[in-house]
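**Student:** with the input below, show me the fold.
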Amino acid sequence: MVGAGGGGFPAAVKLSGRAPTLLVNAAECEPLLHKDKELLVHCREEFFAGLREAMERIGASAGIIGIKEKYGGLIGSLEGELPPKVSIHPLPDVYPAGDEFVLVHEVTGKAIPPGGLPRDVGVVVCNVETLVNIGIGRPVTDKFLTVAGAVRRPATLRVPVGVSFGECMDAAGGAAVKGFGVLSGGAMMGTLVRDLAAPVTKTTGAIVVLPEGHPVLVRYRSSDGQARATGKAACDQCTFCTELCPRYLLGHPIQPHRAMRALGFETAGETTVEGVQFCCECNLCTMYSCPENLDPKRVCAAGKEAARRTGAEARGAVPVAKPHELMPWRRVPAMRLLRRLGLDQFVNEGPLRDAVRAPARVRIPLKQHAGVVAETVVKVGQKVSVGDLIAAVPEGELGARVHASISGTVAALNGAVTIEAG
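**Tutor:** Predicted structure coming up:
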């Protein structure tokens, strides 16, 4: 099992230490996404079972569920079933409430130091789906994800790992427009899908379909070179990108406007500025803050990569984070972000449905997690059943096992295990 919220960190490693507080990330702040809410409605028994086990493993004396206060009905029903030592913390409807650094500060009042981890302030953070998987108590073979945007029937689906993006779109009624593009993940932190035959993995949280020419799609299709050239020519150093940066507001030494300024002095196409390694890539600077329609996030992300290559350490530069005194008044309302992105034209709902339960084939990647690539333990032509081990991680290495998501025959081994049904 891995962190199903997108990080993909092996759950066994995360839950191997001790911490007094287990914090459940149910914020789901990306526009149009509904997976966590739907799981708390329909998979509550499994969720609470996973929550209890996770708390026991880390020795937590308290469990806290961070969920948007706008879901008042759901909060009310959860409160009647909470296990001992578990409480709910209602969250404001802002972006990025689901960033774990922001979430930990909002719920506990503690600021994780730059380059640090929640455990540094006595907290372990788990995503809702991760706890559901723990509660189910068997190998992860299915994935929950929301299919949203320009589709005929937006929905949250339960699908076998390895099924294609195209099949998930079909299960949501297909595209509602002729020309379209697809993002894996949310509109803010997703990635561009270039092939609808690409497989769903353990960390795929959403599929967002956008009409051709949509501003968000145009942004994702722009190149790094375009982002740097326009940034170098047009940035007027207004500092809005910095003043609304969630990590800057938490007291971390990240200032996106300085990365933009440094474009004018870059060498070899790289911008290295102190602090860019603390960027969480929430994309707020690019998608919301910048009045010039520039791309500070992409510039900061490139700077992070350059910092890694040069051996710059993210941890320990500032041992203590002191949040900005104006932080509570610089939150970005989720509905305002939805309108700014041009996503308010789509139906904002995602009821849970079982779908794509018997695909003709799946292609299950060997790398769906943080750590090393899993190594296959099956051969072409071998018969497998749902839940069978098909790839394992070498002893002592960080990673996660991979299991068959459908029953059938192993058809190919090429960076993934392709299984044909039957």
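**Student:** OK, contacts around Glu69?
**Tutor:** Taking CB atoms under 8 Å, 6 or more residues apart in numbering as the criterion, Glu69 is in contact with 75, 90-93. Where you see a C-beta, it was placed from the backbone N, CA and C, and this is true even at glycine.
**Student:** what strand or helix carries Met169?
**Tutor:** helix 165-171 (DSSP states H and E).
**Student:** past that helix, which element shows up next along the chain?
**Tutor:** strand 180-184.
**Student:** show me what secondary structure element comes after that next one.
**Tutor:** Following strand 180-184 in sequence, per DSSP H and E, is strand 191-193.
**Student:** for Lys383, give the beta-bridge partners.
**Tutor:** Counting by DSSP bridges, Lys383 is bridged to Thr409.
**Student:** can you give me the distance of it to Ile406?
**Tutor:** Going from Lys383 to Ile406 by CB to CB, to the nearest Å gives 12 Å.
**Student:** neighbour count winner among those two?
**Tutor:** Ile406 (23 against 13; other CB atoms under 10 Å).
**Student:** got the phi and psi for the more buried one?
**Tutor:** When read as degrees, to the nearest 10, the backbone of Ile406 gives phi -140, psi 160.
**Student:** looking at it, it is touching Pro160, isn't it?
**Tutor:** Yes. Using CB atoms under 8 Å, Ile406 is in contact with Pro160, at 5.4 Å.
**Student:** and for these two, which residues touch both?
**Tutor:** Residues touching both Ile406 and Pro160 by CB under 8 Å, 6+ apart: 359, 362.
**Student:** can you tell me how far the nearest residue to Gly122 once chain neighbours are set aside is from Lys85?
**Tutor:** Closest residue to Gly122 in three dimensions, ignoring its sequence neighbours and counting by CB to CB, 6 or more residues apart in numbering: Pro20, at 4.9 Å. Pro20 is 11 Å from Lys85, where distance means CB to CB.
**Student:** pull up the overlap in contacts between the two.
**Tutor:** Here Pro20 and Lys85 share the contacting residues 60-62, scored by CB under 8 Å, 6+ apart.
**Student:** so which of those are in strands?
**Tutor:** Of the shared contacts of Pro20 and Lys85, the ones assigned to strands by DSSP state E are Ala62.
**Student:** run the chain-centre distance for stretch 351-369.
**Tutor:** Distance of stretch 351-369 from the chain centroid (CA atoms, centre = their mean, to the nearest Å) equals 18 Å.
**Student:** C-alpha coordinates for it, CSV please?
**Tutor:** Backbone C-alpha positions of stretch 351-369 (Å, rounded to 0.1, in the frame of the first residue of the first chain) are rendered in CSV as follows:
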residue,chain,number,x,y,z
PRO,A,351,-21.1,10.4,-7.2
LEU,A,352,-19.3,7.1,-6.6
ARG,A,353,-20.0,4.4,-9.1
ASP,A,354,-18.4,1.0,-9.7
ALA,A,355,-17.2,1.0,-13.3
VAL,A,356,-14.8,-0.7,-15.7
ARG,A,357,-14.8,-3.8,-13.5
ALA,A,358,-14.0,-6.3,-16.3
PRO,A,359,-11.6,-4.7,-18.8
ALA,A,360,-10.2,-6.8,-21.6
ARG,A,361,-6.7,-6.0,-20.5
VAL,A,362,-4.7,-3.9,-18.0
ARG,A,363,-1.2,-2.5,-18.1
ILE,A,364,0.2,-2.3,-14.5
PRO,A,365,3.4,-0.2,-14.2
LEU,A,366,6.2,-1.5,-12.1
LYS,A,367,6.9,2.0,-10.7
GLN,A,368,3.8,3.4,-9.0
HIS,A,369,5.5,4.5,-5.7
